[in-house]
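*Asks:* Here is the input, now give the coordinates:
(one chain, ligands or ions: 2)
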Amino acid sequence: MNPVSAGTGPADPARAEAPADPGPADPHAEPVVLALGSNLGDRARTLAAAVRALADLPGFDLTGVSPAFESAAVKPSGVDETAPRYLNSVVAGRYTGTPQALLDAVNRIEADHGRERAERWGDRTLDIDIIVFGTLEVSDARLTIPHPLAHERDFVLAPWLELDPEAVIPGRGPVLALLADLHPTVTPYREIGGSR
Ligand SMILES: Nc1ncnc2c1ncn2[C@@H]1O[C@H](COP(=O)(O)OP(=O)(O)OP(=O)(O)O)[C@@H](O)[C@H]1O
Ligand SMILES: Nc1nc2c(c(=O)[nH]1)N=C(CO)CN2
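*Replies:* Ligands and ions are numbered 1, 2, ... in the order given. Purely as a prediction, here's the structure:
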């Protein structure tokens with residue numbers, strides 16, 4: 001089974017006008033899954049803009065965008081019902097660069113959307129985490145892949161499962177089984193996307 005098997009989810013409406021035949025897939029591209037989150041500002045608009053920025057990224061071929069899910073903010077001290085609620089979505093694609101180059105790119109997209117880093121798990125306009133990068137395992141000062149907390153976050157697993165019912169986190173197991181073990185905190189929101 002393909003550990004990521006991206007591309008089975010709904011297409012991004014923002015790309016509906018793209019040419020129908022994108023040509024053959026790059027054999028060197030790795031299937032990647034990214035988790036997007038926002039709890040400040042116009043969250044749906046920000047997530048849609050982030051999806052478009054990813055689609056425009058050189059070397060990134062967008063293959064799927066999940067519906068958005070809403071949930072209360074998880075803080076280091078636990079669920080904070082007083083904080084602005086999050087919208088989360090998951091994006092699948094194929095990427096030809098290195099994981100570090102993808103991290104640089106997503107950090108730039110976050111910065112372009114006003115992301116500020118003040119406190120751990122602080123409220124944010126946009127967060128983009130790299131969840132998996134093919135079957136690669138990375139552990140260096142800047143990057144841990146698979147994302148070390150993805151398996152325990154239903155705000156990551158629930159949208160990902162919608163996109164890919166066969167998804168697996170290398171070393172952790174099927175997303176379906178991981179999600180079944182969690183107390184559900186998310187509620188469906190709606191499709192993100194929108195026009196440019
Ligand atoms: N898989 C990954 N995806 C994104 N960032 C990562 C990853 N692994 C390590 N990092 C590092 O984490 C740093 C902090 O990221 P960020 O501020 O977005 O964390 P956070 O979103 O608050 O927390 P969390 O990583 O638990 O979601 C980034 O600058 C990056 O170097
Ligand atoms: N509901 C929710 N809570 C969070 C989220 C998130 O995306 N959704 N992201 C965090 C740090 O990345 C911390 N807490």
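*Asks:* Tell me which helix or strand the most centrally placed residue in the chain sits in.
*Replies:* The centroid of the chain falls nearest to Ala35 when counting by CA atoms, centre = their mean (1.8 Å). Counting by DSSP states H and E, the element that carries Ala35 is strand 30-38.
*Asks:* Does Thr135 touch Gly171 like I think?
*Replies:* No. Taking CB atoms under 8 Å as the definition, Thr135 is not a contact partner of Gly171, at 9.3 Å. Quick note: C-beta positions are derived from backbone N, CA and C, even for glycine.
*Asks:* Who has more neighbours out of the two?
*Replies:* Comparing Thr135 with Gly171 by other CB atoms under 10 Å, the one with more neighbours is Thr135, at 14 against 11.
*Asks:* quick check, Phe155 in a strand?
*Replies:* No. Residue assignment for Phe155, taken from DSSP: H, G, I helix; E, B strand; the rest coil, gives helix, which places it outside any strand.
*Asks:* contacting residues around it?
*Replies:* The neighbourhood of Phe155, defined by CB atoms under 8 Å, 6 or more residues apart in numbering, consists of Ala35, Gly37, Phe69, Ser71, Val74, Tyr86, Asn88, Thr185, Val186.
*Asks:* Which strand or helix spans the fifth one?
*Replies:* Under DSSP H and E, the secondary-structure element containing Val74 is strand 73-75.
*Asks:* in stretch 67-75, what's buried?
*Replies:* Within stretch 67-75, the residues scored as buried using 16 or more other CB atoms under 10 Å are Pro67, Ala68, Phe69, Glu70, Ser71, Ala72, Ala73, Val74.
*Asks:* end to end, how far does that stretch reach?
*Replies:* Chord length of stretch 67-75, first to last residue, is 23 Å (CA to CA, to the nearest Å).
*Asks:* Run through who's touching that stretch.
*Replies:* 10, 39, 44, 47, 79-81, 83-89, 121, 123, 153-155, 158-159, 162, 185-192.
*Asks:* near ligand 1 at all, it?
*Replies:* No. Judged by CB under 6 Å from any ligand atom, stretch 67-75 and ligand 1 are separated, with a smallest distance of 9.2 Å.
*Asks:* Does ligand 2 have contacts with that stretch?
*Replies:* Yes. Residues of stretch 67-75 contacting ligand 2 under CB under 6 Å from any ligand atom: Ser71, Ala73, Val74.
*Asks:* Could you provide those in a markdown table, with additional columns for distance to Thr96?
*Replies:* Below are the residues of stretch 67-75 next to ligand 2 laid out as a markdown table (distance: CB to CB, whole Å):
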| residue | distance to Thr96 |
| --- | --- |
| Ser71 | 33 |
| Ala73 | 34 |
| Val74 | 33 |
